[in-house]
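**Student:** Quick one, what's the 3D model for this:
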Amino acid sequence: MSGFCPSFWPEEPTPEVVKNCSECGLYEHGSRMVWGEGNPHAPILILLDNPGSREDREGKPFVCGTRQALQKAAFEAGFQAEDLYVTYVLKRKPVRKYDKERTRQICMNHLKQQIELKHPQLIVCLGNIAVQSFFQNTEADVKSLRGQIHEVNGYKTIVAYHPLAVRRRPNLWPLFLEDFKLAGAYFLTKGL
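**Tutor:** As a prediction, this is how the structure comes out:
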């Protein structure tokens with residue numbers, strides 16, 4: 001088990017056909033499109049709400065808090081970097097007010113296409129925004145859905161708290177790690 005190199009999680013280039021997408025309006029925020037990071041052929045897809053500041057600033061060597069918490073939990077659950085691919089509901093970082101519901105609905109089209117192409121064996125939704133968007137249920141929440149494997153749109157799916165919530169509220173760390181260990185157990189039993 002080689003674990004993670006904390007400053008290296010390669011970014012997958014955004015497909016040319018969608019790179020200049022302006023449908024949701026986030027291009028007006030001036031942030032760049034981030035398609036995903038990690039192994040594009042990984043069996044496990046991790047879904048977050050949107051790219052963070054680090055992802056938006058190309059070529060920065062430091063590791064953001066989201067990534068640190070995520071990598072630590074994944075490593076402790078037995079994953080290697082090549083087991084995981086991280087992507088986002090919104091492919092651009094919002095930097096000011098926007099129509100959240102409309103934007104997420106539009107951006108889900110990119111995500112659906114991305115998931116269909118990658119066909120992961122397991123999806124891990126981190127945080128309420130990712131959960132509500134992927135489950136297509138604005139009432140869905142991590143607290144009530146975590147700790148079990150769900151079937152969503154034909155994909156095995158696990159729900160966990162957002163890594164930033166875990167960093168802000170350390171009491172959530174054991175639950176966060178427990179959910180990554182659930183993903184790890186599924187990973188091992190399926191021989192992924």
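**Student:** Helix or strand with the lowest mean pLDDT in this structure?
**Tutor:** helix 53-56 (a mean of 54; mean pLDDT, DSSP states H and E).
**Student:** what stretches of the protein score poorly on pLDDT?
**Tutor:** Residues of the chain meeting the criterion pLDDT under 70: 1-8, 53-64, 191-192.
**Student:** one more time with 50
**Tutor:** 1-2, 6-7, 56, 59-62 (pLDDT under 50).
**Student:** Which parts of it are helices?
**Tutor:** 16-19, 53-56, 65-76, 100-118, 128-135, 142-145, 163-168, 173-189 (DSSP state H).
**Student:** Mean neighbour count added to those, as TSV?
**Tutor:** To be clear about C-beta, it is placed using only N, CA and C from the backbone, and glycine gets the same treatment. Formatted as TSV, these follow (neighbours: other CB atoms under 10 Å):
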stretch	mean neighbour count
helix 16-19	10
helix 53-56	18
helix 65-76	20
helix 100-118	16
helix 128-135	22
helix 142-145	16
helix 163-168	18
helix 173-189	17
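**Student:** Figure out which of those is closest to Glu37.
**Tutor:** Glu37 lies closest to helix 53-56 among the helices of the chain, at 7.3 Å (CB to CB).
**Student:** does the residue most central in space within the chain have beta-bridge partners, and which?
**Tutor:** Nearest to the geometric centre of the chain sits Leu47, at 2.3 Å (CA atoms, centre = their mean). Per DSSP bridges, the residues bridged to Leu47 are Thr87, Cys125.
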